[in-house]
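Trainee: Quick one, structure for this:
(2 chains)
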There are 2 protein chains.
Amino acid sequence: MTARVMDGTSLARRIREEVAAGVAALTETVGATPGLATVLIGADPASEVYVRNKRRACVAAGMRDLHRQLPAEASQAQVADLIDELAEADEVSGILVQLPAPAHLDAEEIVARIPATKDVDGLTTTNAGLLAQGRPGLRPCTPSGVIRLLDEHSVALEGAQAVVVGRSVLVGKPMAQLLLERNATVTVCHSRTRDLAETCRNADVLVVAAGVAGIIGGDAIRPGATVIDVGIHRGEHGLRGDVDYDKAVEVAGLITPVPGGVGPMTIAMLLVNTLAAARARHGLGQP
Amino acid sequence: MTARVMDGTSLARRIREEVAAGVAALTETVGATPGLATVLIGADPASEVYVRNKRRACVAAGMRDLHRQLPAEASQAQVADLIDELAEADEVSGILVQLPAPAHLDAEEIVARIPATKDVDGLTTTNAGLLAQGRPGLRPCTPSGVIRLLDEHSVALEGAQAVVVGRSVLVGKPMAQLLLERNATVTVCHSRTRDLAETCRNADVLVVAAGVAGIIGGDAIRPGATVIDVGIHRGEHGLRGDVDYDKAVEVAGLITPVPGGVGPMTIAMLLVNTLAAARARHGLGQP
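Mentor: Sure, this is the predicted structure:
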């Protein structure tokens, strides 16, 4: 049996169209267009690409692109002043600081200055706490995107055995919380897990965000399971994920490709968060 | 084989003595004695007992008992004013609002007013976020007490299979985070978990905080496992926990009794947190 492939590109496109409609409606209703302030410090080529893609998606959804750039040698105080300015500014619905920041800066301190209500990356301590406590807040984009992919394919989560590989603050940990919120029985694995393949074989839903190319082979997958691959690595033969796709596709029931699976969902959910933040600012629902 | 019993009463006594020594040292060094402000709203008999025990433990450790009482009919604004006053007060190292609050009050809003640095119950959104992000902060007392019990008995956590039954904000969720921080592979079970006994049988370390008397029987325990029972229920034959102790003690390797297991650890860790908060206030370490 070969797994059905979950197409993140087409779902992300649909979500972006929905966001565009929401942006138009909000502009119509309250006369204010949501705006996203991306902040890039320095000129790291990879970061420049990421920021450019986010800005394009933002413009394509009809939002205001409020990008700000600082030189690589910007001081902590300069960055702080910029964040404070954006925090105050009415036209800024969301603030996204592209990480990593240059090494001389304290990135944690920078993120901590972003007001939780404009933290469209879901990275602040307040939003992490709101998620842990099961209260409304802005959630990190990648794990939210995974939930949307699962929902789109009607994957049952209530009572399901879900296994998350990886425990990063950005993906693994919030992913586990979101699956728990949906009433899955959730196991978190990581580099110290004793028998990773055996634990993964228990999973009805396996989410891999280990950051290690090909760490999950076909032997780690229960036949018919849903496999979500968050990893992305540039190799000799193009992009690949944390999952050995060729083996996994023969065992799984549903699987995300790399590229074209989780990747496109992350930017789509950034737009969803920015619209939600803008709406909440006008008293229209919680993020 | 019969399990070894983990004596929480004697460990808690030892911790309280250590805290008392720390309180004396801090008073000597900086000339300020840590103070705990317990806040009781109304006269719920059970809450009165809990608060009395906390105040006694606080006094026995040489701390200042800064208890405050409000009538059951206190308004939200009155409670808020009191919290703000305690938040400002120099002699108050820790604030503990005894919950549940009377039904007409918004308990979440009350807890949210407590500054994270004085939140010795580890209940605020900020402290939940700090825990989720693996950063220093005040941790909830009961799960911290469980970790101390495990350490006291040299239970290996790194790479161990840990299963937590229950996902409350106060116990289950922070417990899972603390076990993850110690490099266990962690599974969280709850009322929607499909085969609870089967999942629990995978556990090297089983922490039960389900709030359902006797929900864990001998069949849910791997032979030789460590079993921690956070439950406490008043029944016909005295107190009992979430674990069927008589059956479990024949299968487990280590087990906590009810009473005398986790219970006494909670107050001990409250004192640990209050001392840590006082020390942090004087620049002596992080909580």
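
Trainee: Contacts only, for A:Arg167.
Mentor: A:Arg167 is in contact with A:Lys173, A:Ala176, A:Val188, A:His190, B:Leu180, counting by Cβ atoms under 8 Å, 6 or more residues apart in numbering or on different chains. Any C-beta I mention is one placed from the backbone N, CA and C, and that applies to glycine too.

Trainee: Could you list which of the residues you listed belong to helices?
Mentor: Among those, the members falling in helices (DSSP state H) are A:Lys173, A:Ala176, B:Leu180.

Trainee: List the buried residues for stretch A:83-103?
Mentor: In terms of neighbour count (16 or more other Cβ atoms under 10 Å in any protein chain shown), stretch A:83-103 has its buried residues at A:Ile83, A:Leu86, A:Val92, A:Ser93, A:Gly94, A:Ile95, A:Leu96, A:Val97, A:Gln98, A:Leu99, A:Ala101.

Trainee: Chain neighbours aside, what residue packs nearest to the fifth one?
Mentor: In other words, A:Gly94. A:Val120 (3.4 Å; Cβ to Cβ, 6 or more residues apart in numbering or on different chains).

Trainee: Would you convert the ones in helices among the contacts of A:Arg167 into JSON lines that also reports neighbour count, pLDDT and distance to B:Leu206?
Mentor: Rendered in JSON lines, the data for the ones in helices among the contacts of A:Arg167 read as follows (neighbours: other Cβ atoms under 10 Å in any protein chain shown; pLDDT from 0 to 100; distance: Cβ to Cβ, whole Å):
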{"residue": "A:Lys173", "neighbour count": "25", "pLDDT": "98", "distance to B:Leu206": "22"}
{"residue": "A:Ala176", "neighbour count": "27", "pLDDT": "98", "distance to B:Leu206": "19"}
{"residue": "B:Leu180", "neighbour count": "23", "pLDDT": "98", "distance to B:Leu206": "16"}
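
Trainee: Nearest to A:Ala277 among those?
Mentor: Distance to A:Ala277 across these (Cβ to Cβ) is lowest for A:Lys173, with 21.8 Å.

Trainee: List the contacts of that closest one.
Mentor: Contacts of A:Lys173 (Cβ under 8 Å, 6+ apart): A:Ala128, A:Arg167, A:Val188, B:Ala132, B:Gln133, B:Leu180.

Trainee: Identify, by residue count, the longest helix of chain A.
Mentor: From DSSP H, the single longest helix across chain A is helix A:8-30.

Trainee: Buried residues in that helix, which are they?
Mentor: A:Gly8, A:Leu11, A:Ala12, A:Ile15, A:Arg16, A:Val19, A:Ala20, A:Gly22, A:Val23, A:Leu26, A:Thr27.

Trainee: Please apply the same query to stretch A:257-274.
Mentor: A:257-258, A:260-274.

Trainee: residues contacting A:Arg68?
Mentor: Neighbours of A:Arg68 in contact, by Cβ under 8 Å, 6+ apart: A:Ala37, A:Thr38, A:Val39, A:Leu40, A:Leu82, A:Leu86.

Trainee: what are the phi and psi angles of the fifth one?
Mentor: Think A:Leu82. Per-residue torsions, A:Leu82: phi -60, psi -50 (degrees, to the nearest 10).

Trainee: Would you mind measuring from it to A:Gln98?
Mentor: To A:Gln98, A:Leu82 is 13 Å away according to Cβ to Cβ, to the nearest Å.

Trainee: Overlap of the contact sets of these two?
Mentor: Contacts common to A:Leu82 and A:Gln98, judged by Cβ under 8 Å, 6+ apart, are A:Val39.

Trainee: Check what contacts stretch A:98-118 and list those residues.
Mentor: For stretch A:98-118, using Cβ under 8 Å, 6+ apart, the contacting residues are A:38-42, A:44, A:47, A:50-51, A:72-74, A:76, A:79-80, A:83-84, A:86-87, A:92-95, A:97, A:119, A:123-127, A:130, A:137-138, A:277, A:280-281, A:287, B:135.
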